[in-house]
Structure formats: C-alpha cells, structure tokens
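Trainee: this is a predicted model, with the sequence first.
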Amino acid sequence: MPEGNEIHRWAARHAEAFAGKTLRVDGPQGRFTDSDVIDGRKLKQVRAVGKHLGYDFGTDRILHIHMGLRGDFTEGSGALPAVRGALRLRMWNAAAVKAAGGEAGEGESRRKVVYSEDDGTGEIEAGKLAWIELRGPTDCSIYSEEKWTKLTERLGPDPLNGDGPEKAIERIRKSKKAIAALLMDQSVIAGLGNIYRAELLYRARLNPFVRGMDVSEKVLRAIWKDAGPLMQAGMVDRRIVTTRPQDRPSVQDAGLNGSKGKAGASKGKNQETLKVGGKVLKDEAHYVYRRNGQPCFVCGTKVMRQEMEGRNLFWCPVCQVVDEAKVAG
Ligand SMILES: [Zn+2]
C-alpha cells in the first residue's frame, strides 16, 4: 500500500505536469461516473494529506483519490494508449495528447512498474507527462470543499505537510492501545503505513506492544522528528529506505575488506559491490519490515512477525525489548 511519501510524490509530480492546464478526464470502467464534472476544466493544484490526494479543479470540484491496498497510477508521455484492464480513471493533458497523435494510439512511453519493485529508474520527467491512468483505488470521487475539510479534520498531523506533532502526541498518550497500532491510525498520524510504522519503531528501539499512554513524550517527539526526513527521502523515488549505511551488511563487509586490503584495487571493487544501480540493495533497505525469520542487522536475532489489527507487524525482540527509560512513569 502506498504510504504518505508516495502520495505526496504523486501530488508534486502531477501538479508539475498538469496544474494550470486543461485536462480531459474519463472513467472507462464505468465505476467513475462523475468525470463530466471535471472533464475539460483547468486543474488548479494537487493536494496531499496523509494517504489522500485531492485534484482541485476549482468551484468546489475536487477529485478525491485514496489508493487503498492496490491502487496505482500508470503514466506516460505521447499519445493516449488504448483502454486496457479495469481502468477507473484516465486524465490527460488535452493539448499534449492531441499534439502526439490523439487518444486511441499506443502510448509511446508507457510506464508501469509494481509499486514495491520500483526504484525510480527510467522515470519520465514530470514536465513531459501527457497522461495518467488509475487502477484499483479504494476511492475515486468528486468532493466538495466542505467534504474535503471534514476529511482533513478527521486526520492526524502529516509529517510531510509541516505539521507539528502535538495532536499526535496528545492522542497517543491518552490511549491504552499498543503504540504500533496507534502509528497506523490515520487519525493519530496521517500518512504512515506498515513499512514506516515498523521501521520507525525499530529505529527508536521501541517495543511495538507498549501502550501509547506509557511511551514518554521525549520518545514520541524523536519518532516524529525521524519520520519527516525519512518520508521526504521516500519521495525521491518510489522506495522507502530506512537502514543507516553503517548497519547494512554490504557496507560492513566493504569496510572490513577495505581496511585489510591494499587500498586501490579493493576500494574499486567495494564501490562496485555497493553500487548495484546506484541504490541501496533491496534486501538491505529495511531493518525489520518483511524480514521475519532473518537475522537482525544489528544484533543477529531473528526478526519476528505477528498480526496486529489485521496487518503484519515486524520487530526485533532484542533491539526492541521493553526499555524502562522509554516508558513514562
Ligand atoms: Zn536486533
């Protein structure tokens, strides 16, 4: 499921591509029937809060999109591709698509990558996007300004919108629920999903089962402070990377070789090992998320997994043992 980083990334990207332009919109699948409300209008801006996108077409017409577990965009430059699959919505820059040859061709640069597999390589420049397609969202509907405001009032602060953590801290410290459940609650913090929840708790070395009311304010502030830059980094490509370089096995190995080897040759080799497309190795991007049964990078203990409120929770039982210092009296 896309988390806040991905939603904000789409918002910035689509604003750059489409704001101020006249857009065509339709719903080929037949499940989005309000396209005529926004079709042919100019897009003013794109909003993002938590996991919600709002395409503002002015005069109380906001296209609300919530991706849910399976929603994703396909995008491209050039002509609009023929309709394929369960296509909920298409939105395109009328002028750019017309210039590229129309609406029923084969898209020249069709880009489709599964969310979790995407490392941002081969991305089309936002300014060159001509169209986007949306499949599988939980919601795609027209909101009034009032409905959008009501939605945002229900949500907790969003680390990517410059909000402060006060409301989140207040809600967490009043709750008997486990901190891991609270971090997933969008009315506590907007935008966090399963990956950031698990990884932020690990980075704070906080036990996921501690009750919200028992976590010290200091620790909660540190988690909030950690969340912003981590989520910001996740906006660069579609990847979430939470491990510190010194904790990644490939970096540790490289450091070891470098110190005993003869500088030149081994250094070159190490750099090569580290690079792999210039990115962090896929298996080393997270400390605990989906690493159950594998050794913790820091202490070597097997990472645990358990279901909590219908979602898998991952943690290291040693690094994240209940620590009195982090628990308020
Ligand atoms: Zn550990």
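Mentor: That came through, no problem.
Trainee: which of the helices or strands spans His64?
Mentor: strand 62-66 (DSSP states H and E).
Trainee: quick one, the next helix or strand after that strand and strand 62-66 angle?
Mentor: Counting by DSSP H and E, the next helix or strand C-terminal to strand 62-66 is strand 72-77. With axes from the mean of the first three to the mean of the last three Cα atoms, to 10 degrees defining the directions, strand 72-77 sits at 120 degrees from strand 62-66.
Trainee: what mean pLDDT would you report for the very next helix or strand once past strand 72-77?
Mentor: Using DSSP H and E, the helix or strand that follows strand 72-77 towards the C-terminus is strand 87-93. The pLDDT scores in strand 87-93 average 95.
Trainee: so strand 87-93 versus strand 72-77, what angle?
Mentor: Going by the same axes, to 10 degrees, strand 87-93 makes 30 degrees with strand 72-77.
Trainee: show me what counts as buried in strand 87-93.
Mentor: Across strand 87-93, burial judged by 16 or more other Cβ atoms under 10 Å covers Leu87, Arg88, Leu89, Arg90, Met91, Trp92, Asn93. (Each C-beta comes from the backbone N, C-alpha and C, glycine too.)
Trainee: paired strands for it, with orientation please.
Mentor: Here strand 87-93 is paired, per DSSP bridges, with strand 23-26 (antiparallel), strand 131-135 (antiparallel).
Trainee: dump those strands to a markdown table, plus distance to Asp72 and mean neighbour count.
Mentor: Formatted as a markdown table, the strands paired with strand 87-93 follow (distance: least, Cβ to Cβ, whole Å; neighbours: other Cβ atoms under 10 Å):
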| stretch | distance to Asp72 | mean neighbour count |
| --- | --- | --- |
| strand 23-26 | 18 | 20 |
| strand 131-135 | 6 | 22 |
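Trainee: can the ones you listed go into CSV with extra columns for distance to His64 and mean pLDDT?
Mentor: Output for the strands paired with strand 87-93, formatted as CSV (distance: least, Cβ to Cβ, whole Å; pLDDT from 0 to 100):
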stretch, distance to His64, mean pLDDT
strand 23-26, 13, 96
strand 131-135, 12, 93
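Trainee: let me know the closest of the buried residues of strand 87-93 to the ion.
Mentor: Arg88 (41.8 Å; Cβ to the ion).
Trainee: the protein: strands as residue ranges?
Mentor: Along the chain, counting by DSSP state E, strands occupy 23-26, 45-49, 52-56, 62-66, 72-77, 87-93, 109-111, 131-135, 139-143, 304-308, 311-315.
Trainee: which of these has the lowest average pLDDT?
Mentor: Minimum mean pLDDT among the strands of the chain: strand 109-111, a mean of 57.
Trainee: smallest gap between the stretch 101-250 of the chain and the ion, at which residue?
Mentor: Closest point on the stretch 101-250 of the chain to the ion, by Cβ to the ion, is Tyr202, at 8.1 Å.
Trainee: just to revisit the earlier point, same list, the strands of the chain, but as TSV with distance to Lys218 please.
Mentor: Output for the strands of the chain, formatted as TSV (distance: least, Cβ to Cβ, whole Å):
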stretch	distance to Lys218
strand 23-26	47
strand 45-49	27
strand 52-56	30
strand 62-66	33
strand 72-77	38
strand 87-93	44
strand 109-111	44
strand 131-135	42
strand 139-143	37
strand 304-308	24
strand 311-315	21
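Trainee: Asp283: which of those strands is closest?
Mentor: With distances scored as Cβ to Cβ, the stretch of these nearest to Asp283 is strand 311-315 (14.2 Å).
Trainee: buried sites along the closest one?
Mentor: For strand 311-315, burial by neighbour count (16+ other Cβ under 10 Å) applies to Leu313, Phe314, Trp315.
Trainee: in contact with Val49, which residues?
Mentor: Neighbour list for Val49: Leu151, Thr152, Leu155, Asp158, Asn161, Ala190, Gly191 [criterion: Cβ atoms under 8 Å, 6 or more residues apart in numbering].
Trainee: what's near enough to touch the fifth one?
Mentor: Going back to what we said before, that points to Asn161. Ala48, Val49.
Trainee: related to what we said a few turns ago, list just the nearest of the buried residues of strand 311-315 to the ion.
Mentor: Closest to the ion, out of all of these and judged by Cβ to the ion, is Trp315, at 8.9 Å.
Trainee: excluding its backbone neighbours, what's nearest the closest one?
Mentor: Pro208 (5.1 Å; Cβ to Cβ, 6 or more residues apart in numbering).
Trainee: what do you get for Pro2?
Mentor: Closest to Pro2 by Cβ to Cβ, 6+ apart is Met67, at 5.0 Å.
Trainee: surely that neighbour is in contact with Arg9?
Mentor: No: if you go by Cβ atoms under 8 Å, Met67 and Arg9 don't touch, sitting 12.0 Å apart.
Trainee: so the two - more neighbours on which side?
Mentor: Per other Cβ atoms under 10 Å, whichever of Met67 and Arg9 has more neighbours is Met67, with 25 against 20.
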